[in-house]
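Undergrad: Take a look and give me a structure for this.
(one chain, ligands or ions: 1)
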Amino acid sequence: MPVTTISWSDEKIRIIDQTQLPLNLVYFDIADVPTLCEAIVKLRVRGAPAIGIAAAFGVYLGIKETPEYLEKEKLFTVINTVVLTLKKTRPTAVNLAWALDQMLETAQNNSDKSPLEIKSALLVKALQMYEDDREINRRLAEHGASLIPQNAQIITHCNTGALATVDYGTALGSIFLAHSKGKKVHVWVDETRPLLQGARLNMWELQNEGVDCTLICDNTAAFVMQRNKIDLCIVGADRIAANGDTANKIGTFSLAVIAKYHNVPFYIAAPMSSFDQSLASGAEIPIEERSGDEVVQGFGQRIAPENSHVYSPAFDVTPNELITAIITDKGIIKPPFNQNILFAFSRI
Ligand code: MRU
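TA: Numbers count the residues shown, from 1 in each chain. Below you'll find the predicted structure:
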């Protein structure tokens, strides 16, 4: 069953409302910036590449109704405000800021044109980024699949499939490709507390693709590694610093620590747009904190007393020394990361 996470039609962004999965496959149309901001904050659309592309269309949504006679300076004020508003929705995934900066650059490069032409250039750019993301994931998956052996036992954390991108996915995309090339794989799926992207979304996607998979509680991963021969862990990324330190869904760091203890290779799969070379290390990555309600009554049932104090960072940072390699659309980056990440960028 093809999964169309995001599409653009009839001047609207159409997304799968991921808060409703796996129970209901519901599409949600977004025609304005406030609705898009709500959808990103509530994780109706989620995953670093997917929110970047949705935000790119959001810039167009934010200016498409501006009057033809609006002075250019005012048009640019609107564009800047929309970009800033969208950037604030989720601070960790750098793909969001990256996509918005691309849109801003496109507007600036067309600043000598008419407002109508600027609007049209922005839509063309968003559509191009949409198509590029599909291609990027396919290329990344080729590299990722090459690291997956026959009869592989794999652990993953958080959703990195078609639902987290325009199509196909990154870490999960690599698994899908290995599977479609005839490799037998079995995936241990961390449920990914508190919002259960593993249980709700990975299990749904893996089952749709016919990939053998088993759901585990996050705290079961160490025991699984101790008792089973796990060949690799593969996860996504929300932001990778210049030294390879990687922010990804909360719980990724613990998985990397136990993988190191058991000598299991730990791979990050992410497009080049997930790198933030302005940050020397992961210590500088801004980490989103989410409402404690998602922990104590995330899916309706209250599980802790009223007024319980909760700390809920949405992401953590895995230090580079725990990472075996970073799989990108430009190839596989191995340590030493500082040097090899720079080298990968020099070839773009
Ligand atoms: O809070 P989420 O569900 O948006 O977090 C998503 C992740 O942490 C993913 O692993 C990451 O964005 C990579 S998606 C290809």
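
Undergrad: can you list the residues of the stretch 101-250 of the chain near the ligand?
TA: Within the stretch 101-250 of the chain, the positions near the ligand by Cβ under 6 Å from any ligand atom are 158, 160, 164, 165, 170, 197, 236, 237, 238, 248, 249. In this view, the C-beta of every residue, glycine as well, is placed from N, C-alpha and C.

Undergrad: By neighbour count, which of those wins?
TA: Using other Cβ atoms under 10 Å as the neighbour test, those are led by residue 160, with 32 neighbours.

Undergrad: one step back: from the residues of the stretch 101-250 of the chain next to the ligand, which land in helices?
TA: Taking DSSP state H, every one of these sits outside helices.

Undergrad: Let me have those in TSV, adding pLDDT as columns.
TA: Output for those, formatted as TSV (pLDDT from 0 to 100):
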residue	pLDDT
158	98
160	98
164	98
165	98
170	98
197	98
236	98
237	98
238	98
248	98
249	98
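
Undergrad: Those in strands, which ones?
TA: Assigned to strands by DSSP state E, the following of these qualify: 248, 249.

Undergrad: Okay, helices next: where are they in this structure?
TA: For the chain, applying DSSP H gives helices covering 33-41, 48-63, 72-87, 94-109, 115-146, 171-180, 203-208, 221-227, 252-261, 293-296, 337-346.

Undergrad: out of the ones you listed, nearest to residue 276?
TA: Comparison of those against residue 276 by Cβ to Cβ identifies helix 94-109 as nearest, at 4.6 Å.

Undergrad: And that closest one, what's buried?
TA: Neighbour counts over helix 94-109 (16 or more other Cβ atoms under 10 Å) mark 94, 95, 96, 97, 98, 99, 100, 102, 103, 104, 106, 107 as buried.

Undergrad: where does the stretch 151-300 of the chain dip in pLDDT?
TA: Within the stretch 151-300 of the chain, no stretch has pLDDT under 70.

Undergrad: which residue does it bring closest to the ligand?
TA: In the stretch 151-300 of the chain, the residue that lies nearest the ligand is residue 236 (2.8 Å; Cβ to the nearest ligand atom).

Undergrad: Leaving out the residues flanking it, which one is nearest to that residue?
TA: Nearest non-adjacent residue to residue 236, counting by Cβ to Cβ, 6 or more residues apart in numbering: residue 160, 3.7 Å away.

Undergrad: Would you enumerate the residues in contact with that neighbour?
TA: Taking Cβ atoms under 8 Å, 6 or more residues apart in numbering, we find residue 160 in contact with 47, 169, 170, 171, 172, 173, 235, 236, 269.
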